[in-house]
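[1] Requesting a structural model of the entry that follows:
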Amino acid sequence: MARFRTGYGAVCLAALVCLAGAACSAPGSSSSSAAAAGGSSSSTPSGPIKIAVVDAQSGSASDLGQFEYRGVKLAVDQANAAGGVDGRTITLSLLDDQGDPTVGTELARKIASQGAVAMLGTAESAVTLAMAPILAGEHIPNITSGQSTKLLALNSPYLFLNGPTGLTYDSTLAKYLVQAKGYKKIAMLTNNDSYGAGEHDAFASALKALGVTPVADKVVPQDQTNMTPALTAIRGSNPQVLFIGAEEAQSGLTVKQARALGMTAVIAEGAPAGTPLYLSTAGTANAEGTIVSSPYLGNDVSDASKKFAAAYTAAYGSAPELHGAKAYDGAQIMIAALKACHACTGLALADAIRAVHYDGLLGSFSYDKQGVGIFATSIGIIRNGKIEPVS
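    Reported below is the predicted structural model:
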């Protein structure tokens, strides 16, 4: 079962070394040589602190983007109500990436020109991968919900994850399936976008380490809706388990069509299977028994998650899920860093983020050099439309 701390919002800060004596202008400005080095301002700043939130508000990923924005806004509203950062208000600018890396690239340039000191989002690894080099060039720290290990390969000192990598999700899942449940006949169906490719490689690697070779391994286009040909081929191998590596809507559609074909294999997946969009697309009956690997198994697994869910529901009239929780944790970490360095910018702010130790909804965050701060997930099983943690 997940190890959740009950210190909701409790933050402790490690020693933080800030860049001293270096003046700079806002990110995106070239009026100061110190700004190009990513330093913080030596003069006393004033006015609101601008943070960009980039998430899909339209298109197939819009549900996730809306959960994420609400999680961020809740954290910022709470911080502003408590006095902001050194008396300064945090303001958010919501930008719609449409789940499209090309749009994300355009937005990255826009963020730099508008003077945002940091960015929160996106929900999709492919969009973050496209934006990250531009943000790094402009010295703008970014806390993303992406989980592809390709994000780590960028080696950007400005990029941080608000959850585990896909490798953590999938290695935890593989160990449970093989070691705890004894399954050996496992099939894989993933898509070909950056998330699906990452899931494929991570899960296949985890199975190999456990001495298991998939009985079937199919990859489909990210926009494919007819899964029948791939599923029919997989059905012939008579798998005990079907691992899915795709986003929420496509995953739910895959499960719905698998059950229509009479497939009875246990469904296993990472974070997407723990969302309302997966459940509504698959259908409650079809999703029954799905095994989920996630750092956030529901709104009632701890005192912290219950308090967060109550505040979120009071603010928005609906309950949160994983993406809202991840975004809330990411925003809290950003706020803690801004407070610690007195609203510094650039590399100084990135260093401040890396120095934050935060007991959050997903667990205890402590960032490494690659920008990963949490390294564990837990297993849950969907029963009657809800995820039940596995002890």
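[2] Against Ser391, how distant is the nearest residue to Ile335 once chain neighbours are set aside?
    Spatially, and ignoring its direct neighbours in sequence, Ile335 is nearest to Ala79 (4.9 Å; C-beta to C-beta, 6 or more residues apart in numbering). For the C-beta atoms, the positions are set from N, CA and C on the backbone; glycine is no exception. According to C-beta to C-beta, to the nearest Å, Ala79 and Ser391 sit 36 Å apart.
[3] which of those two has more neighbours?
    Neighbours per residue, other C-beta atoms under 10 Å: of Ala79 and Ser391, the larger number sits with Ala79, 21 against 6.
[4] Contact partners for that one?
    Ala79 makes contact with Val85, Ile90, Ile335, according to C-beta atoms under 8 Å, 6 or more residues apart in numbering.
[5] The last one: how many residues sit nearby?
    For Ile335, the tally of surrounding residues (other C-beta under 10 Å) stands at 25.
[6] That one touches Val85, doesn't it?
    Yes. Here Ile335 lies in contact with Val85, judged by C-beta atoms under 8 Å, at a distance of 7.0 Å.
[7] low-scoring stretches of this structure, by residue?
    Judged by pLDDT under 70, the chain has its weakly predicted residues at 1-44.
[8] Tell me where it has helices.
    If you assign secondary structure with DSSP state H, the helices in the chain sit at 33-36, 62-81, 101-113, 125-137, 150-153, 166-175, 194-209, 228-235, 248-260, 276-282, 284-287, 303-316, 322-340, 346-355.
[9] Tell me which of these is the most buried.
    Among the helices of the chain, ranked by average contacts under mean count of other C-beta atoms under 10 Å, first place goes to helix 322-340 (a mean of 27).
[10] angle of that one against helix 303-316?
    Here helix 322-340 points in a direction 100 degrees away from that of helix 303-316 (axes from the mean of the first three to the mean of the last three C-alpha atoms, to 10 degrees).
[11] check contacts around Ile143.
    In this structure, Ile143 makes contact with Ala118, Met119, Leu120, Phe160, Leu161, Asn162, Gly330, Ala331, Ile333, Met334, Ile353, judged by C-beta under 8 Å, 6+ apart.
[12] cool, and Leu92?
    Ile51, Ala52, Val53, Val72, Lys73, Val76.
[13] Leu167 too?
    Residues touching Leu167, when contacts are defined by C-beta under 8 Å, 6+ apart, comprise Thr149, Ala202, Ser205, Ala206.
[14] Then Phe308?
    Contacts of Phe308 (C-beta under 8 Å, 6+ apart): Tyr8, Asn299, Pro320, Ala325, Tyr328, Leu361.
[15] at 10 Å what do you get?
    Shown here is Phe308, whose contacts under the criterion C-beta atoms under 10 Å, 6 or more residues apart in numbering are 8-9, 71, 74-75, 296, 299, 302, 320, 324-325, 328-329, 360-361.
[16] repeat for Ser58
    Applying C-beta under 10 Å, 6+ apart, one finds that Ser58 lies in contact with Gly65, Asp96, Asp97, Gln98, Gly99, Asp100.
[17] my guess is Asp170 meets Glu199, correct?
    Yes. Using C-beta atoms under 10 Å, Asp170 is in contact with Glu199, at 6.4 Å.
[18] Residues that sit against both of those two, list them.
    Going by C-beta under 10 Å, 6+ apart, residues that sit against Asp170 and also against Glu199 are Gln147, Phe243, Gly245, Glu269, Gly270.
[19] picking up where we left off before, which neighbours do Ile335 and Val85 share?
    Ile49, Ala79.
[20] so Lys218 makes contact with Ile234?
    Yes. The pair Lys218 and Ile234 qualifies as a contact (C-beta under 10 Å) at a distance of 6.0 Å.
[21] Roughly how far does the most centrally placed residue in the chain sit from Lys326?
    Using C-alpha atoms, centre = their mean, the residue of the chain that lies closest to the mean C-alpha position is Ser145, 2.4 Å off. When distance is defined by C-beta to C-beta, Ser145 is 5 Å away from Lys326.
[22] before we move on, back to that, common neighbours of Lys218 and Ile234, please.
    With C-beta under 10 Å, 6+ apart, Lys218 and Ile234 have common neighbours Ala187, Met188, Leu189, Met227.
[23] Now render those as JSON lines, adding distance to Leu210 and neighbour count.
    Conversion of the shared contacts of Lys218 and Ile234 to JSON lines gives the following (distance: C-beta to C-beta, whole Å; neighbours: other C-beta atoms under 10 Å):
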{"residue": "Ala187", "distance to Leu210": "15", "neighbour count": "25"}
{"residue": "Met188", "distance to Leu210": "14", "neighbour count": "23"}
{"residue": "Leu189", "distance to Leu210": "19", "neighbour count": "27"}
{"residue": "Met227", "distance to Leu210": "26", "neighbour count": "23"}
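[24] Chain neighbours aside, what residue packs nearest to Ser93?
    The shortest distance from Ser93 to any residue that is not its chain neighbour, by C-beta to C-beta, 6+ apart, is 5.0 Å, and that residue is Ala52.
[25] Surely that neighbour and Gly104 touch.
    No. In terms of C-beta under 10 Å, Ala52 does not count as a neighbour of Gly104; the distance is 11.5 Å.
[26] any common contacting residues for these two?
    Overlap between the contact sets of Ala52 and Gly104, as judged by C-beta under 10 Å, 6+ apart, is given by Leu95, Gly121.
[27] what about the residue nearest to Ile186 when sequence neighbours are not counted, how many residues close to it?
    By the measure of C-beta to C-beta, 6+ apart, the closest residue to Ile186 outside its immediate chain neighbours is Val241, 4.5 Å from it. Neighbour count for Val241, taken as other C-beta under 10 Å: 22.
[28] List the buried residues in stretch 46-61.
    Going by neighbour count (16 or more other C-beta atoms under 10 Å), the buried part of stretch 46-61 is Ile49, Lys50, Ile51, Ala52, Val53, Val54, Asp55, Ala56, Gln57, Ser60, Ala61.
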